[in-house]
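[1] pasted the sequence and its predicted model underneath.
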Amino acid sequence: MNTKLKHLQIGDLTARLPIIQGGMGVGVSLSKLAGAVAKEGGVGIISTAQIGYDEKGFEKDQAGCNRLAIRKHIQKAKEIACGNGLIGVNIMVALKHYEEHVKEAVAAGADVIISGAGLPMKLPALVSETCRTKIAPIVSSKRALQIILKRWAHRYDRTADFIVIEGPKAGGHLGFSTEELVDINSLNYDEEIKNIIECKKEYEKQYNKKIPVIVAGGIFDSADIAHALELGADGVQIASRFVATEECDASDAYKQAYIHAREEDIQIIQSPVGMPGRALRNEFIKNIERERQPIKKCYNCLAQCNPGTVPYCITQALINAVKGDIENGLIFCGSNVGRIHQMTTVHNLMEELTDFSSLIEN
């Protein structure tokens, strides 16, 4: 096999390594982590979900603090990267202030915007084709991609700059039914990846441009990267592996929860976002199984959320976790979290992920 990874080319932007660090919110992937990944030649992604949670005044003005933090963290990440790699943001379609987050990221000079947790139908209207920021939908099926690209072409005469395919082994919110996630091995997802790659070719021809495809979900090591590339992908997105790094923006207690997690600790839960999610089973999850958690304050995070009926406040649960209150917080994770056993650095992790020598020997 070819042991040299190709650069990731997204329009006129280039990352030396075709590795995107997945966005993780609240507060898990901010400027420190994203900047370190970009410095190594990858694509560092900042999650904008309640990104201003630790800003002064957040309790009173979440929207204002989030806008301020988007600008601040993109700038800081670029400073850390020192001109290497790319810096982008992950913006959930489900957010109440989705449009404001997109516009703020563009104004702050984000290289890329990746958007999922819903179908980003209006994204091209918010990001001018003349600006440097590239846009990508996150999809989990050929059908979802067809819907998005058909709408973008019809309404905006535009297509995606790249595509992120998120498989059933990913962490956080998932584009699959709970039933599908019970037996993910029966999905034959490799075939779906090939179908999605085939689907985008029509739009490459129509717009005379290359649309790179990034595979995400369950990518753990160089063997997984090699497999994704063999399927026809141009790169991979990895999230969970980057949590147990010194540069990750989460608390040490959050990182230790990953390091000590076992496969049997992983659970599929239902999120107030309206999608299933993969998380670590803890006292918080046991409590929400027993009874609804009363919501004392609304943090204005989701467009479709009724504080009077949802089982818990996802903002409060995610903030508790990232700050280190592990038993009273929601800890999203990927399916391979049980294979993470020690802390490392972004530099060492990127070296490991791009080392294909063991594959050649085998």
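    Everything's here; your move. Numbers count the residues shown, from 1 in each chain.

[2] for this structure, which segments count as strands?
    8-10, 13-15, 19-21, 43-47, 86-92, 112-116, 134-139, 163-166, 172-173, 213-216, 235-238, 266-270, 276-280 (DSSP state E).

[3] what packs against the shortest one?
    If contacts are counted by 3 or more C-beta pairs under 8 Å, 6 or more residues apart in numbering; DSSP states H and E, strand 172-173 sits against strand 276-280. For every residue, glycine as well, the C-beta is placed using N, CA and C.

[4] just name the most buried of the strands of the chain.
    strand 43-47 (a mean of 31; mean count of other C-beta atoms under 10 Å).

[5] that strand pairs with which strands, and in what direction?
    If you go by DSSP bridges, strand 43-47 pairs up with strand 19-21 (parallel), strand 86-92 (parallel).

[6] for that strand, give the mean pLDDT please.
    Summarised as a single mean, pLDDT over strand 43-47 is 98.

[7] can you give the distance of it from its chain's centre?
    The chain centroid and the centroid of strand 43-47 are separated by 8 Å under C-alpha atoms, centre = their mean, to the nearest Å.

[8] just the angle between it and strand 112-116, please?
    Calculated by axes from the mean of the first three to the mean of the last three C-alpha atoms, to 10 degrees, strand 43-47 forms an angle of 50 degrees with strand 112-116.

[9] got a list of contacts for strand 43-47?
    Strand 43-47 has contacts (C-beta atoms under 8 Å, 6 or more residues apart in numbering) with 8, 15, 19-31, 33-38, 70, 73-74, 77, 81, 85-90, 111-112, 114.

[10] and what of stretch 336-354?
    Against stretch 336-354 from outside (C-beta under 8 Å, 6+ apart): 5, 17, 19, 33, 36-37, 39-42, 169, 171, 218, 220-222, 225, 238, 240-247, 255, 258-259, 261-266, 280.

[11] specify the beta-bridge partners of L95.
    The partner residues for L95, given DSSP bridges, come to L302.

[12] from Y312, how far out is C301?
    Distance, C301 to Y312, by C-beta to C-beta, to the nearest Å: 12 Å.

[13] who has more neighbours, the two?
    For C301 and Y312, the more surrounded residue by other C-beta atoms under 10 Å is C301, and the numbers stand at 25 against 19.

[14] these two touch, right, that one and Q62?
    Yes - between C301 and Q62 there is a contact at 7.3 Å, judged by C-beta atoms under 8 Å.

[15] okay, and the common contacts of these two?
    Common neighbours of C301 and Q62 (criterion: C-beta under 8 Å, 6+ apart): Q50.

[16] domain map for the chain?
    Annotated domains of the chain cover 10-248+341-355, 253-323 [the TED database].

[17] can you lay out those domains as a markdown table showing distance to F332?
    Below are the domains of the chain laid out as a markdown table (distance: least, C-beta to C-beta, whole Å):
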| stretch | distance to F332 |
| --- | --- |
| domain 10-248+341-355 | 4 |
| domain 253-323 | 5 |
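
[18] among these, which is the most enclosed?
    domain 10-248+341-355 (a mean of 20).

[19] how far away from the center of its chain is that domain?
    On C-alpha atoms, centre = their mean, the centre of domain 10-248+341-355 falls 5 Å from the chain's centre.

[20] distance between the ends of it?
    End-to-end distance for domain 10-248+341-355: 23 Å, by C-alpha to C-alpha, to the nearest Å.

[21] pLDDT below threshold where in the stretch 1-150 of the chain?
    Residues of the stretch 1-150 of the chain meeting the criterion pLDDT under 70: 1-3.

[22] tabulate the CA atom coordinates of stretch 287-301 in PDB.
    The C-alpha trace of stretch 287-301 is given here as PDB (Å, rounded to 0.1, in the frame of the first residue of the first chain):
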ATOM      1  CA  ASN A 287     -30.900   9.600  37.000                       C
ATOM      2  CA  ILE A 288     -32.600  10.600  33.800                       C
ATOM      3  CA  GLU A 289     -33.700   7.000  33.300                       C
ATOM      4  CA  ARG A 290     -35.500   7.100  36.600                       C
ATOM      5  CA  GLU A 291     -37.100  10.500  36.300                       C
ATOM      6  CA  ARG A 292     -37.100  13.800  34.400                       C
ATOM      7  CA  GLN A 293     -34.600  16.300  35.600                       C
ATOM      8  CA  PRO A 294     -36.300  19.700  36.400                       C
ATOM      9  CA  ILE A 295     -34.900  22.500  34.300                       C
ATOM     10  CA  LYS A 296     -34.300  25.600  36.400                       C
ATOM     11  CA  LYS A 297     -33.000  27.900  33.600                       C
ATOM     12  CA  CYS A 298     -33.200  27.900  29.800                       C
ATOM     13  CA  TYR A 299     -29.800  28.600  28.100                       C
ATOM     14  CA  ASN A 300     -31.400  29.300  24.700                       C
ATOM     15  CA  CYS A 301     -29.300  26.600  22.900                       C
END
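
[23] follow-up on the earlier one: okay, the strands paired with strand 43-47 in a markdown table with distance to L318 next?
    Shown next, in a markdown table, are the strands paired with strand 43-47 (distance: least, C-beta to C-beta, whole Å):
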| stretch | distance to L318 |
| --- | --- |
| strand 19-21 | 18 |
| strand 86-92 | 12 |
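
[24] quick one: closest of these to L229.
    strand 19-21 (11.3 Å; C-beta to C-beta).

[25] give me the contacts around the closest one.
    So strand 19-21 is contacted by 8, 29, 33-34, 37, 42-45, 88, 114, 164, 214, 216, 225, 235-239, 242, 350, 353-354 (C-beta under 8 Å, 6+ apart).

[26] thank you, goodbye.
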